[in-house]
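**Student:** requesting a structural model of the entry that follows:
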Amino acid sequence: MKNLFPSSAIILAACLGGGVSHAASAATKPNIVVIYGDDVGYGDLGCYGATAAKTPNVDRLAAEGVRFTSAYATAATCTPSRFSLLTGEYAFRQKGTGILPGDAKLIIQPGRETLPAMLRRAGYSTAVIGKWHLGLGLPDAEFDWNGDIKPGPLEVGFDYAFIIPATPDRVPCVYVQNHRVFNLDPADPIQVSYQKPFPGEVTGATNRDDLKMNWSHGHSDAVINGIPRIGYMIGGKSALWKDEEMEQVLSRQATEFIEKKKSRPFFLYFASHDIHVPRAPNHEFAGKTKMGPRGDELAEFDWSVGRIVDTLKRLKLFDNTLIILTSDNGPVLDDGYYDQANEQVGGHKPGGPYRAGKYSRYEGGTRMPFIVHWPGKIKPGVSDALISQVDLLASLAALTGESFNTNDAPDSQNLLPALLGKSSVGRASLVQDAYGLALRQGDWKFIPPGRNRDGLGPWTNVKVPEPGFLFDLSKDPGETKNLAAAYPEKLKELRDQLANITGRKPMEKSGNEAIP
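**Tutor:** Coordinates of the predicted model:
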């Protein structure tokens, strides 16, 4: 069933305080830029209380726009969050949407509804630049990194793609531009394996003393640029990235896309690699903070935000560009490398007042920084409206007056008035996914029995006992006092609601449970 949003123009006009018609020309539609941080926690940015790392460019966007305090990624890990943002569907509804290996096949089915496909129908040029981690190629089909790499981003709604195929700590350590490995020499083909090393290949396990970045867990395979990775690869030397230049390469691609598409509406999904491991900041940022590489890459992330903003201003596009800045999941310190993240964090609180971080069903795993900026259209302020990244598809469809397939995007809600700061009303509830599910409803939070993670790495595995955890976030944002015994009716209400949303009992697994 198609949701044709017959009142989209009315909603838009009301939100903007002007008479924008449903048939608005392409020239009047705003450009849309989504800046997606990687492992950037709620407390990592200055506008959310951080002082150890300076983020003036992000802070300026927050001061001039709406800073949200109850905005969420759908999951506490990257692949499911990215899947939900682009499809409007909770990732737990599809099997195989947990953290993908570097050689995974595409998990977004070509032809289904997506955010970029919807915006392309609305007249936008669309681009993804940065981390992808949603797989490439067809299921059960032989895959060759030296040939045409498809289906991929171009088959699910993007006109242009310049991507990190998986994550910076996984092979192959190359960029993919549209359907081909960027700068690959055909005489030096790439070979990739996630089963065993190639004969004679240097690995992090065999040559640990020679590494420029040592591993703590999970990263002892191929050594690229002196850094051990997950998985094995040989060949493709001319195409290998340099970690210290990655953010510069990606931001340059972003600004070049803006330059080329300045005469028509565009949608840019800029998926920064900062501050994901391995943390190897550019020499201009190394030592810029007192928190080591993690803090330095926070500064580098802020720089890339500034570069995009400066380009928009120089081209006189800034006033007609809607910028949304957020992150894919909560923070993590030690995530597989000895980079002094734990030792040098000091008094900095990456998750702000919230408990735990990446991989966790506690608030720190999915409550995100979330900033919406649009000069002259959004009044600066702070909003506590409850919103999820899964809502971007429906909300931006309303903004652009475009229809979308609600069967493909069943979880996306139109929260455009809240996003533009015109309403304090957001969602009634949302699901949080981290190797099991949780539910927030208003100020209440329910975590069903099962496993959970605490801490920022190294972690403590927590067993959530029957009948589960119940927290009142308005009085206990740190989730320290379980109210399950005191409020059994509220516990049952949330338990039943979660079962209704998921279509199964909350005790059942989400399909993405394997804690790495």
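**Student:** give me the contacts around stretch 209-228.
**Tutor:** 169, 171, 173, 197, 201-205, 207-208, 229-234, 240-243, 277-278, 280, 334, 336-339, 516 (Cβ atoms under 8 Å, 6 or more residues apart in numbering). Every C-beta, even on glycine, is put in place using the N, C-alpha and C of the backbone.
**Student:** can I get the buried part of those as one PyMOL selection?
**Tutor:** To isolate in PyMOL the members of the contacts of stretch 209-228 that are buried, counting by 16 or more other Cβ atoms under 10 Å, one can use:
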select buried, resi 169+171+173+197+201+203+204+229+230+231+232+233+234+240+241+243+277+278+280+334+336+337+339
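**Student:** mark which of the contacts of stretch 209-228 are part of strands, please.
**Tutor:** Taking DSSP state E, the ones among the contacts of stretch 209-228 that sit in strands are 232-234.
**Student:** on the three-state scheme, the spatially closest residue to residue 408 that is not a sequence neighbour is what?
**Tutor:** Nearest non-adjacent residue to residue 408, counting by Cβ to Cβ, 6 or more residues apart in numbering: residue 113, 3.5 Å away. Three-state call for residue 113 (DSSP: H, G, I helix; E, B strand; the rest coil): coil.
**Student:** next one: residue 446
**Tutor:** Under three-state DSSP, residue 446 comes out as strand.
**Student:** ok so, going back, tell me the one of the ones in strands among the contacts of stretch 209-228 nearest residue 436?
**Tutor:** residue 232 (31.4 Å; Cβ to Cβ).
**Student:** distance of the closest one from residue 183?
**Tutor:** 21 Å (Cβ to Cβ, to the nearest Å).
**Student:** which stretches in the chain count as helices?
**Tutor:** Secondary structure of the chain by DSSP state H: the helices cover 8-16, 56-64, 78-87, 115-121, 246-260, 292-314, 392-400, 416-419, 488-502.
**Student:** buried residues in the fifth one, which are they?
**Tutor:** Taking 16+ other Cβ under 10 Å as the neighbour-count basis, helix 246-260 is seen to contain the buried residues 246-251, 253-255, 257-258.
**Student:** count the residues that sit near the residue nearest to residue 266 when sequence neighbours are not counted.
**Tutor:** In space, and not counting its chain neighbours, residue 266 is closest to residue 125: 4.4 Å by Cβ to Cβ, 6+ apart. Using other Cβ atoms under 10 Å, residue 125 is surrounded by 21 other residues.
**Student:** these two touch, right, residue 125 and residue 262?
**Tutor:** No - in this structure, residue 125 is not within contact of residue 262 by Cβ atoms under 8 Å, at 10.0 Å.
**Student:** between those two, which contacts overlap?
**Tutor:** By Cβ under 8 Å, 6+ apart, no residue touches both residue 125 and residue 262.
**Student:** can you give the domain ranges for this protein?
**Tutor:** The record's domain parsing of the chain by automatic domain parsing lists 28-180+242-419, 191-234, 429-502.
**Student:** and the last one, average pLDDT?
**Tutor:** To tie it back to what came earlier, the one meant is domain 429-502. Averaging pLDDT along domain 429-502 yields 97.
**Student:** same check on stretch 391-410?
**Tutor:** Mean predicted confidence for stretch 391-410 is 97.
**Student:** now do the buried residues in it.
**Tutor:** For stretch 391-410, the neighbour count (16+ other Cβ under 10 Å) marks 391-406, 408-409 as buried.
**Student:** report the distance from that stretch to the chain centre.
**Tutor:** Relative to its parent chain, stretch 391-410 has a centroid offset of 19 Å by Cα atoms, centre = their mean, to the nearest Å.
**Student:** repeat for stretch 72-90
**Tutor:** Mean-position distance between stretch 72-90 and its chain equals 7 Å (Cα atoms, centre = their mean).
**Student:** tell me the pLDDT of the closest residue to residue 230 other than its chain neighbours.
**Tutor:** Nearest non-adjacent residue to residue 230, counting by Cβ to Cβ, 6+ apart: residue 170, 4.7 Å away. At residue 170, the pLDDT value in this model is 98.
**Student:** cool, and the one 5 residues further on?
**Tutor:** Turning to residue 175, the model gives it a pLDDT of 98.
**Student:** thought it was touching residue 182?
**Tutor:** Yes - contact criterion Cβ under 8 Å: residue 175 and residue 182 qualify, at 4.1 Å.
**Student:** so which of those two has more stuff around it?
**Tutor:** Using other Cβ under 10 Å as the criterion, residue 175 and residue 182 rank with residue 175 on top: 24 against 16.
**Student:** any low-confidence regions in the protein?
**Tutor:** 1-27, 504-516 (pLDDT under 70).
**Student:** quick one on the thing from earlier: closest to residue 356 out of the helices of the chain?
**Tutor:** helix 78-87 (15.9 Å).
**Student:** how far off helix 392-400 does that closest one point, in degrees?
**Tutor:** 30 degrees (axes from the mean of the first three to the mean of the last three Cα atoms, to 10 degrees).
**Student:** and stretch 479-489, C-alpha only, in CSV?
**Tutor:** Output in CSV follows, covering the C-alpha atoms of stretch 479-489 (Å, rounded to 0.1, in the frame of the first residue of the first chain):
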residue,chain,number,x,y,z
GLU,A,479,19.3,3.3,35.0
THR,A,480,20.4,2.3,38.4
LYS,A,481,17.1,1.5,40.2
ASN,A,482,15.0,-1.4,38.9
LEU,A,483,11.3,-0.6,39.5
ALA,A,484,9.9,-3.9,38.1
ALA,A,485,8.7,-5.1,41.5
ALA,A,486,7.2,-1.8,42.5
TYR,A,487,5.2,-1.2,39.2
PRO,A,488,4.1,-4.7,37.9
GLU,A,489,1.3,-3.2,35.9
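**Student:** what's that stretch in contact with?
**Tutor:** 354-355, 362-363, 445, 467-473, 490-491.
**Student:** which two among those residues are spaced furthest apart?
**Tutor:** 354 and 467 (23.2 Å).
**Student:** ok, and the closest non-adjacent residue to residue 52?
**Tutor:** Among residues not flanking residue 52 along the chain, residue 348 sits closest, at 4.1 Å (Cβ to Cβ, 6+ apart).
**Student:** who's in contact with the one you found?
**Tutor:** 43-44, 50-53, 291, 295.
**Student:** distance check, it against residue 183.
**Tutor:** 37 Å.
**Student:** same check on residue 158?
**Tutor:** 20 Å.
**Student:** so which of the two has more stuff around it?
**Tutor:** Comparing residue 158 with residue 183 by other Cβ under 10 Å, the one with more neighbours is residue 158, at 26 against 13.
**Student:** hang on, the more buried one packs against residue 129?
**Tutor:** No - Residue 158 lies out of contact with residue 129 (Cβ under 8 Å); the separation is 9.6 Å.
**Student:** okay, now residue 32: neighbour count?
**Tutor:** So residue 32, with other Cβ under 10 Å, has 24 neighbours.
**Student:** so what sits opposite it in the bridge?
**Tutor:** Going by DSSP bridges, residue 32 is paired in beta bridges with residue 267, residue 322.
**Student:** return the residues in contact with it.
**Tutor:** Residue 32 makes contact with 119, 124, 265-268, 321-322, 324, 396, according to Cβ under 8 Å, 6+ apart.
**Student:** the same query, at a cut-off of 7 Å, please.
**Tutor:** Neighbouring residues of residue 32 by Cβ atoms under 7 Å, 6 or more residues apart in numbering: 119, 267, 322, 396.
**Student:** identify the farthest-apart pair in the residues you listed.
**Tutor:** Top of the distance list for the contacts of residue 32 (Cβ to Cβ): 119 and 322, 11.4 Å.
**Student:** those two: who's more crowded?
**Tutor:** Remark: of residue 119 and residue 322, residue 119 carries more neighbours, 27 against 22, as counted by other Cβ under 10 Å.
**Student:** so the more buried one versus residue 467, what's the distance?
**Tutor:** Residue 119 is 43 Å from residue 467, by Cβ to Cβ.
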